[in-house]
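> starting from these lines, generate the structure:
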Amino acid sequence: MTIAPAVQPGCHREIITLDRVSFSYGAKPVLTDLSFSVKERDFIGLIGPNGAGKSTLLRLIVGLLKPDSGRIELFGAPADQFKDRHLIGYVPQRSQFNPLFPATVREVVLSGLFGRRKLFRRVTREDQHRCDDALRTMQIEDLADKRIGALSGGQQQRVFLARALISNPKLLILDEPLTGIDAETQMNFFHLIRHMHQKHDITFLMVSHDMDMVRSYLGEEPKERTGKLSFYVRHSHDLEDCAETDLLHTLRKEG
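Numbering: from 1, shown residues only. Sure thing, here's the model as predicted:
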């Protein structure tokens, strides 16, 4: 299965490419010969029942798992050689988080600025300003000095969203990002990512169980189905860019 945007070939580079990717947990196949490509400024909504391989697929793309066979590329480079991890913002399912992780909210959010090559660099004043901005955007500035393991599930999810946004990623991968957060925060966040998709150079891949939210923006019918997975697709290749370059401005002004 290949998802191809309805634009002229070559107009927009491929951000994600999977070619005949298979993965199993032991003897249990999860993904078999899966092929798809996502181009610049696409928004892909991934829907499927539990056990269909949605989270596994995202973990393969971000490099937390390795495929049994097949090829994965990110921004045109083989995934296992891709170095510019700051270009990718990733929000995993909250169930994958260790609540005993010994870090404050501020430290977790700041870690979104650090790729592997910059892990031990000094935090600058600009870094701190961006962190403050991200905390305000997700309305968690009062939690900055608390241990993340002491927070509620909804508060933790806001922290992970702030961490994913702080580096102005080119690709945002979201695994059930709205689970466990209140309705107002869900609405504000969905407003933010809609604006980011329409007005900024951002590509999205999002897993969600909220069919109404997915369909309201990506359409009633999936573009493709493979196995138990359904791919809803919206393109945003020709829309006018926003004058702002800071992704966090949207909720500051309108949230």
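
> hey, let's count contacts and neighbours off CA atoms from now on
OK.

> and residue 187, what pLDDT?
On pLDDT, residue 187 comes in at 79.

> tell me if I am right that it is in a strand.
No: using DSSP: H, G, I helix; E, B strand; the rest coil, the assignment for residue 187 is helix, not a strand.

> tally of neighbours for it?
Residue 187: 13 surrounding residues under other CA atoms under 10 Å.

> and residue 77, by the same measure?
The burial count for residue 77: 14, using other CA under 10 Å.

> over to residue 50. Which of the three states is it?
coil.

> what distance do you get for the residue nearest the centre of the chain to residue 142?
The centre of the chain sits closest to residue 173, judged by CA atoms, centre = their mean, with a distance of 1.8 Å. The gap separating residue 173 from residue 142 is 26 Å, by CA to CA, to the nearest Å.

> same thing with residue 164?
Between residue 164 and residue 142 the distance is 19 Å, computed by CA to CA.

> where does the residue nearest to the centre of the chain land in three-state SS?
Under three-state DSSP, residue 173 comes out as strand.

> you'd agree it is up against residue 193?
No: under the criterion of CA atoms under 8 Å, residue 173 is not in contact with residue 193, lying 11.4 Å apart.

> my guess is residue 21 contacts residue 34, does it?
Yes: using CA under 8 Å, residue 21 is in contact with residue 34, at 4.9 Å.

> got any ranges where the stretch 51-200 of the chain has weak pLDDT?
Within the stretch 51-200 of the chain, the segments meeting pLDDT under 70 span 94-97, 99, 115-121.

> how about the strands of it, start to end?
Counting by DSSP state E, counting those that start in this stretch, the stretch 51-200 of the chain has strands at residues 69-74, 77-78, 88-91, 171-175.

> burial of residue 227, as a residue count?
Counted by other CA under 10 Å, the residues lying close to residue 227 total 13.
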